[in-house]
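Participant: just a sequence and a predicted model for now, questions to come.
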Amino acid sequence: MNSHPIKSDAVNSLAPTAEWVWVGSDYSGLDWHSTDVPKPSEAEIDAELARLIAAWEAADYQRKRQAEYPGLDALIVALWESVVENRTTAMDAVQAIRQAVKAKYPKP
């Protein structure tokens with residue numbers, strides 16, 4: 001999940017095959033169309049949303065690392081030089097950047 005979870009994400013997580021529409025901002029606006037999938041309660045949706053938000057927040061370090069890691073082009077060049085040309089200068093530089101980013105955003 002790339003953006004902060006919202007209630008509709010919780011509904012999708014609880015009932016991924018259900019058909020529904022949410023009109024408004026509260027539970028009374030959840031118009032359930034699926035007869036074969038039970039409609040989750042408001043408490044179930046709130047609990048699932050809290051779980052999704054906690055998981056999203058716990059992965060914050062991963063999103064921050066990804067934004068600062070060297071790009072694929074740099075990695076491909078470094079790998080080529082290391083494997084084919086037997087030169088490790090670029091690979092060492094990429095690894096140094098990755099280690100610095102990991103130190104900046106440690107795994108919780």
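Facilitator: Okay, I see it.

Participant: break this protein into its domains for me.
Facilitator: 1-58, 60-108 (automatic domain parsing).

Participant: and the shortest one, average pLDDT?
Facilitator: When pLDDT is averaged over domain 60-108, the result is 95.

Participant: start and end of it, how far apart?
Facilitator: 10 Å (Cα to Cα, to the nearest Å).

Participant: run the chain-centre distance for it.
Facilitator: Relative to its chain's centre, domain 60-108 lies at 20 Å (Cα atoms, centre = their mean, to the nearest Å).

Participant: and what of the first one?
Facilitator: On the basis of Cα atoms, centre = their mean, the separation between the geometric centre of domain 1-58 and that of its chain is 17 Å.

Participant: returning to what we had before: let me have the domains of the chain in CSV, extended by mean neighbour count.
Facilitator: (C-beta placed from N, C-alpha, C; glycine too.) Shown next, in CSV, are the domains of the chain (neighbours: other Cβ atoms under 10 Å):
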stretch, mean neighbour count
domain 1-58, 14
domain 60-108, 13
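
Participant: quick one, helices of the protein?
Facilitator: 7-14, 42-58, 60-68, 72-83, 89-104 (DSSP state H).

Participant: Ser34: which of those helices is closest?
Facilitator: Among these, the nearest to Ser34 by Cβ to Cβ is helix 7-14 (10.9 Å).

Participant: can I get that closest one in PDB, CA atoms only?
Facilitator: What follows is helix 7-14, C-alpha atoms only, in PDB (Å, rounded to 0.1, in the frame of the first residue of the first chain):
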ATOM      1  CA  LYS A   7     -11.700   2.900   5.600                       C
ATOM      2  CA  SER A   8     -12.300   1.700   2.000                       C
ATOM      3  CA  ASP A   9      -9.000  -0.200   2.200                       C
ATOM      4  CA  ALA A  10     -10.200  -1.800   5.400                       C
ATOM      5  CA  VAL A  11     -13.400  -2.900   3.700                       C
ATOM      6  CA  ASN A  12     -11.500  -4.300   0.800                       C
ATOM      7  CA  SER A  13      -9.100  -6.200   3.100                       C
ATOM      8  CA  LEU A  14     -12.000  -7.700   5.100                       C
END
